[in-house]
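> Okay, here's the prediction I keep looking at, along with the sequence it came from:
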Amino acid sequence: MADVNPDFDATDDTDELLDALKDGRDTDDPWGRANPRYLIEHTSLDKGNVEYQLRRLTDAGWVRKISRGLYEFVDDPRESAQ
C-alpha cells in the first residue's frame, strides 16, 4: 500500500469524490467504500472524470483500490492539518 501524499494537489473534482466517499461517516450509515457507478450517481462528474480522479487519488494514497471496481477512502491529510 502506498503512503499518503500530503502534498497532493486536490481539485474541486477530487474534493467532490472525497465528499461522496466520506458521506455518512458522522452517522451509523456505512461509508468509505464505493464503486465508480455510485460515484457517478452521487457527484456531478461523468464516468471518464470519475475514473481519472480515482486514479489520481489512488496514486496519492488518499484512496485505495480494494478490488476490481471497488475503492475505499484512506485519508485526507488536510483534515489533520486543520
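Now that the structure is in, tell me what you want to look at.

> What is the neighbour count of Phe8?
17 (other C-beta atoms under 10 Å). Where you see a C-beta, it was placed from the backbone N, CA and C, and this is true even at glycine.

> In contact with it, which residues?
Arg56, Leu57, Ala60, Gly61, Trp62, Pro77 (C-beta atoms under 8 Å, 6 or more residues apart in numbering).

> Now find how far off-centre whichever helix in the chain runs longest is within its chain.
Using DSSP state H to define each element, the chain has its longest helix at helix 47-60. Distance of helix 47-60 from the chain centroid (C-alpha atoms, centre = their mean, to the nearest Å) equals 8 Å.

> Can you show me the CA trace of that helix as PDB?
Extracted in PDB, the C-alpha atoms of helix 47-60 (Å, rounded to 0.1, in the frame of the first residue of the first chain):
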ATOM      1  CA  LYS A  47     -17.700   8.400 -16.000                       C
ATOM      2  CA  GLY A  48     -14.300   9.400 -17.500                       C
ATOM      3  CA  ASN A  49     -13.700  12.100 -14.900                       C
ATOM      4  CA  VAL A  50     -14.600   9.800 -12.000                       C
ATOM      5  CA  GLU A  51     -12.200   7.200 -13.300                       C
ATOM      6  CA  TYR A  52      -9.400   9.800 -13.800                       C
ATOM      7  CA  GLN A  53      -9.900  11.300 -10.400                       C
ATOM      8  CA  LEU A  54      -9.900   7.900  -8.700                       C
ATOM      9  CA  ARG A  55      -6.600   7.100 -10.400                       C
ATOM     10  CA  ARG A  56      -5.200  10.400  -9.100                       C
ATOM     11  CA  LEU A  57      -6.500   9.800  -5.600                       C
ATOM     12  CA  THR A  58      -5.200   6.200  -5.600                       C
ATOM     13  CA  ASP A  59      -1.700   7.300  -6.800                       C
ATOM     14  CA  ALA A  60      -1.700   9.900  -4.000                       C
END
